[in-house]
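sequence and predicted structure are below.
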Amino acid sequence: MKDEEAKLKAEILKALAHPVRIKIISELIKKDKCACEMLKIAQVDPSVLSRHIAQLKNVGILSERKKGVRVYYHITCPCILKALECTAGVLKARINRMKNLI
């Protein structure tokens with residue numbers, strides 16, 4: 001793997017590396033949502049939510065569309081969900097290893 005490719009992949013993984021951004025992605029799996037709907041889920045100030053959304057948009061995970069006065073966000077690349085599923089698998093394996101140590 002070339003250095004540039006590794007850097008770009010790291011940027012995407014960094015964008016995923018925050019609980020609020022994981023919550024946003026998890027909610028957008030179900031359906032597109034506007035920022036006002038995501039505020040209730042993320043439980044952060046609007047400016048903080050805006051920064052999290054911007055990070056996800058900057059790496060290409062999210063995109064937006066306007067409908068009237070609202071902006072709706074959706075997952076641009078659904079394959080990112082495989083990464084989140086993989087984290088669940090890693091967690092299960094980790095828990096199993098810890099149980100075996102006890």
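On my side now, so go ahead.

for residue 70, list the residues it contacts.
34, 36 (Cβ atoms under 8 Å, 6 or more residues apart in numbering). Every C-beta, even on glycine, is put in place using the N, C-alpha and C of the backbone.

can you give me how far the longest helix seen in the chain is from the chain middle?
In the chain, taking DSSP state H as the definition, the longest helix is helix 80-101. Centre-to-centre, helix 80-101 and its host chain are 17 Å apart (Cα atoms, centre = their mean, to the nearest Å).

please save the CA atoms from that helix in CSV.
Provided in CSV are the C-alpha atoms of helix 80-101 (Å, rounded to 0.1, in the frame of the first residue of the first chain):
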residue,chain,number,x,y,z
ILE,A,80,-18.9,2.0,5.7
LEU,A,81,-21.5,0.1,7.7
LYS,A,82,-19.3,-3.0,7.3
ALA,A,83,-16.6,-1.2,9.3
LEU,A,84,-19.1,-0.6,12.1
GLU,A,85,-20.2,-4.2,11.9
CYS,A,86,-16.6,-5.3,12.2
THR,A,87,-16.1,-3.2,15.4
ALA,A,88,-19.0,-5.2,16.9
GLY,A,89,-17.3,-8.4,16.0
VAL,A,90,-14.1,-7.2,17.6
LEU,A,91,-15.9,-6.2,20.7
LYS,A,92,-17.6,-9.7,21.0
ALA,A,93,-14.2,-11.4,20.6
ARG,A,94,-12.7,-9.1,23.2
ILE,A,95,-15.5,-9.9,25.7
ASN,A,96,-15.1,-13.6,25.0
ARG,A,97,-11.4,-13.4,25.7
MET,A,98,-11.9,-11.5,28.9
LYS,A,99,-14.5,-14.1,30.0
ASN,A,100,-12.0,-16.9,29.4
LEU,A,101,-9.4,-15.1,31.6
